[in-house]
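Chemist: Quick one, fold the following:
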Amino acid sequence: MLCLLWFSGVANALAYPHQEVLEAAPFSDAIGDATNEGIVSETGSAPEGSFHEPILDTLQDLVDALQVMQDKYFVLWQGTWPTSIDWTAAVLGTHVSAVLSTLTSGPLDIPDGDELLGLSFFALENTVNRFFSHTSAFYFGENAFSLRNQAYDDMLWVVLGWLENIKLQNLHSDLHYIPSKNGSGKPWHGTQFQNSAAHRARIFYELASAGWDKTLCDGGMIWNPYLLPYKNAITNELYISASIEMYLYFPGDSIDSPFLVNLQGTQAARKNPHDPLHLKAAVDGYNWLKDSNMTGLGGLYADGFHISGWESTSNPGSRQCDQLNTMVYTYNQGVILSGLRGLWLATNSQDYLHNGHELVRRVLQATGWPHTSSRQWQGLGRGGVLEDTCDSRGLCSQDGQTFKGIFFHHLSAFCRPLQPQEKRFLAETTHGRSADDDWTEAYEEHMQRCRSYGAWIEHNAQAALMTRDTDGKFGGWWGRPYHQLEAAGLVDSSTIPDGAVDWRNSHNDSSATAGSTWKDYNDRGRGRTVETQSGGIAVLRALYQWQSYDAL
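Modeler: Next up, the predicted model:
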């Protein structure tokens, strides 16, 4: 296993004075046992406040999980995960970029086996370059032509995925490639891929933006242009998060593609960074979602609205979103969180943060937290462990197996510390707001509330780790070890809200519920897949981020 650089205050000191690449710190003369001694210093002694077993174990588990996903499921020559589908592949690419961002900004070395191999920048660089090359290959392996003709939410996963890749490029370059004073320094080589990633993000954002519709329900995104009008939570949340991320992180696009997207002339191409139209789209989108009453049990986001009486454009029925499918999914509670953080950064309105924390509180409550011994279904789990209703039955579709990982990815984004690119944005666009006392106090309060979720995240990470098989593959149902449900009660161990339709997953396949015949409950249904692996990666990444708060 490769080792990573401990970056707590040493990066600048290690830079060559006239080159952009950091010099590797010398290997330690005294190699310590990571599980007993923590990190050793260059003199062979453990530094004051050194890091010990829990965070090292999480780091080891996280890198192992990523390596399993890429070694077992990713095919380099195809540039994709062949068992994925188009939209889940976009999410998988997002997870890879996000993990690399977490590793490159983290405080610790990766231990090699039971030993810690010192403070090597080049080991970090090798790790980042290896998996970044996978995301670059995925750019060509992604089924972009097919996705152009799919539902609007499918398109928006693509946007978020390539913006995540751009954020990684900028972060790794900012932290470890320091331009020289005479201007001869260069950024990390991975940033040469930025134009390609930005172009795809823009193309798919513009394609998806055609889904914004005011003729029905006074606004909101339509889910699929080819089916009956359905304005659902996930498409609108994705549109909000993608819009604000385009405003904050899109670097501009100089590519004149032959595949222009504005065929209907509905809006002008948005090719510049920090375009106010992107900010307006995010604000308008969230205002509509917030006022739509698209909430169900426990104040959680339900699946979406149909329009009663709708038959055709010439007979649009009520024109109002008045038929709510009250089905609750985990990912509908997650995607909006990254959007709310971005809206706060862009507008300085603390209401966005407050709304985000209230939603997180409702999710924790819906898992039964902090009552970890309870077996009673609470809406999104029990015993404090996050579940979708399909998990315990082994009936999750490929969509459903992806949901929990999406939630934890966006929870991590909501609670991510400020990055250098974001600090530059604040300094350039808000006259130094990041140094303002009131703003700083709000940010510190936000991060303090984020810290309070650590015990719940650890509880879920441990539940996920219990599902790993001998190959290191994660299962999809994390709840089983915590409440030890009897096989006879398995079918009824989770319930969907009254009147809800779980159209994302099958609930009629009785063959998957024969609990007494299964030694491993995560072998039922689709079993362990690249999507369930991504869920394990996302919750471990969240745990590592939380454990790093006090170390950075």
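Chemist: only C-alpha atoms for contact and neighbour calcs from this point on.
Modeler: Will do.
Chemist: quick one: which helix or strand includes Arg362?
Modeler: In this structure, Arg362 is located in helix 350-366 according to DSSP states H and E.
Chemist: Need the residues that contact the strand or helix carrying Glu444.
Modeler: Using DSSP H and E, Glu444 sits within helix 437-451. Contacts to helix 437-451, defined as CA atoms under 8 Å, 6 or more residues apart in numbering, come from residues Asn348, Gln350, Leu353, His357, Cys415, Pro417, Arg433, Ser434, Trp546, Tyr549.
Chemist: Just the ones of those residues in strands?
Modeler: Residues of the contacts of helix 437-451 located in strands (DSSP state E): none.
Chemist: Which of those are buried? Put it as a ChimeraX command.
Modeler: In ChimeraX, this line selects whichever of the contacts of helix 437-451 come out buried by 16 or more other CA atoms under 10 Å:
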select :348,350,353,357,415,433,434,546,549
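Chemist: on that earlier part again, how about the helix holding Glu444, which residues are buried there?
Modeler: Tyr443, His446, Met447, Cys450, Arg451.
Chemist: Give me the residues contacting the helix or strand following the helix holding Arg362.
Modeler: Downstream of helix 350-366, the first helix or strand assigned by DSSP H and E is strand 381-382. For strand 381-382, the external contacting residues (CA under 8 Å, 6+ apart) are 366-369, 372, 374-376, 387-389, 479, 494.
Chemist: Walk me through which strands strand 381-382 pairs with, and which way each runs.
Modeler: strand 385-386 (antiparallel) (DSSP bridges).
Chemist: Now do the partner strand, average pLDDT.
Modeler: Confidence for strand 385-386, expressed as mean pLDDT, is 96.
Chemist: still on that earlier bit, now for the contacts of helix 437-451: which two are most distant?
Modeler: Arg433 and Trp546 (25.3 Å; CA to CA).
Chemist: quick one: the strands in the stretch 101-250 of the chain?
Modeler: Secondary structure of the stretch 101-250 of the chain by DSSP state E, counting those that start in this stretch: the strands cover 230-232.
Chemist: And the helices in it, which stretches?
Modeler: 121-141, 144-147, 152-176, 194-209, 233-249 (DSSP state H, counting those that start in this stretch).
Chemist: Just give me the residue right at the centre of the chain.
Modeler: For the chain, the residue nearest the mean C-alpha position is His409 (2.5 Å; CA atoms, centre = their mean).
Chemist: shouldn't that one be in contact with Ala538?
Modeler: Yes - here His409 reaches Ala538: they are 5.5 Å apart, a contact under CA atoms under 8 Å.
Chemist: I'd guessed Leu426 sits against Arg433; true?
Modeler: Yes - when contacts are counted by CA under 8 Å, Leu426 is listed as touching Arg433 (6.1 Å).
Chemist: Off-centre distance for stretch 94-111?
Modeler: Distance of stretch 94-111 from the chain centroid (CA atoms, centre = their mean, to the nearest Å) equals 13 Å.
Chemist: what's the answer for stretch 204-220, then?
Modeler: The chain centroid and the centroid of stretch 204-220 are separated by 24 Å under CA atoms, centre = their mean.
Chemist: Now the terminal residues of it, how far apart.
Modeler: 18 Å (CA to CA, to the nearest Å).
Chemist: Now do it, average pLDDT.
Modeler: 96.
Chemist: Go through that stretch and flag the buried ones.
Modeler: Going by 16+ other CA under 10 Å, stretch 204-220 has these buried residues: 204-212, 216-217, 219-220.
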